[in-house]
Structures are given as structure tokens and as C-alpha cells.
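Trainee: Sequence and computational prediction follow.
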Amino acid sequence: MGEIRKEIPITYVPFRNTFSITLAAAYLESELLRRIEIEGFKPEEIEAKIFIAANVLDYSGYLNCRP
């Protein structure tokens with residue numbers, strides 16, 4: 001592993017993972033509501049999950065990837 005950089009990269013976006021999860025949740029909610037309201041599914045018949053794959057090796061100065 002390399003050293004953690006002291007400066008913040010210009011590509012750093014605060015809360016980038018939070019934004020991605022929020023967008024995924026909004027899409028998932030609209031898809032689930034569509035299935036319930038238009039296709040007639042019952043809520044208990046539907047299973048939905050959101051996964052995030054944060055990379056521990058993406059530590060090169062990004063604040064949300066530091067130890």
C-alpha cells in the first residue's frame with residue numbers, strides 16, 4: 001500500500017457515496033411502487049436490496065476512504 005496523500009484531490013466530491021445510495025434508493029422505491037400499483041404485486045411478494053461496493057484501496061486522499 002502507498003502513503004495517504006496529504007492534499008485532497010480535485011476530484012473529491014463530498015458525500016459521493018451518500019448521493020449514490022440516495023439515487024439508488026429513490027429509483028428502487030419508484031420501481032417497487034410501480035410493481036405494486038401497476039402490476040398488482042403485494043408488498044410482501046417483493047424483495048429489494050441495495051448494495052454498495054466501497055473499495056478500501058481507494059484511499060489516495062479521499063476523505064471518506066481514510067482509516
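Mentor: Everything's here; your move.

Trainee: tell me, what residue is most central in the chain?
Mentor: Ile21 (3.0 Å; CA atoms, centre = their mean).

Trainee: Tell me if I'm right that it and Phe51 touch.
Mentor: No. Taking CB atoms under 8 Å as the definition, Ile21 is not a contact partner of Phe51, at 9.8 Å. To be clear about C-beta, it is placed using only N, CA and C from the backbone, and glycine gets the same treatment.

Trainee: And the pLDDT for the residue nearest to the centre of the chain?
Mentor: Per-residue pLDDT puts Ile21 at 93.

Trainee: quick one: it and Glu37, what's the gap?
Mentor: Distance of Ile21 to Glu37, given as CB to CB, to the nearest Å: 24 Å.

Trainee: just Phe51 next, same as before
Mentor: Phe51 sits 25 Å away from Glu37, going by CB to CB.

Trainee: So which of the two has more stuff around it?
Mentor: When neighbours are counted by other CB atoms under 10 Å, Glu37 comes out ahead of the other of Phe51 and Glu37, with 9 against 6.

Trainee: Could you report the pLDDT at the more buried one?
Mentor: The score at Glu37 is 95. That number is its pLDDT.

Trainee: And for Ile46?
Mentor: We have a pLDDT of 91 for Ile46.

Trainee: now Ile46: how far from Thr22?
Mentor: Remark: distance between Ile46 and Thr22 (CB to CB) = 20 Å.
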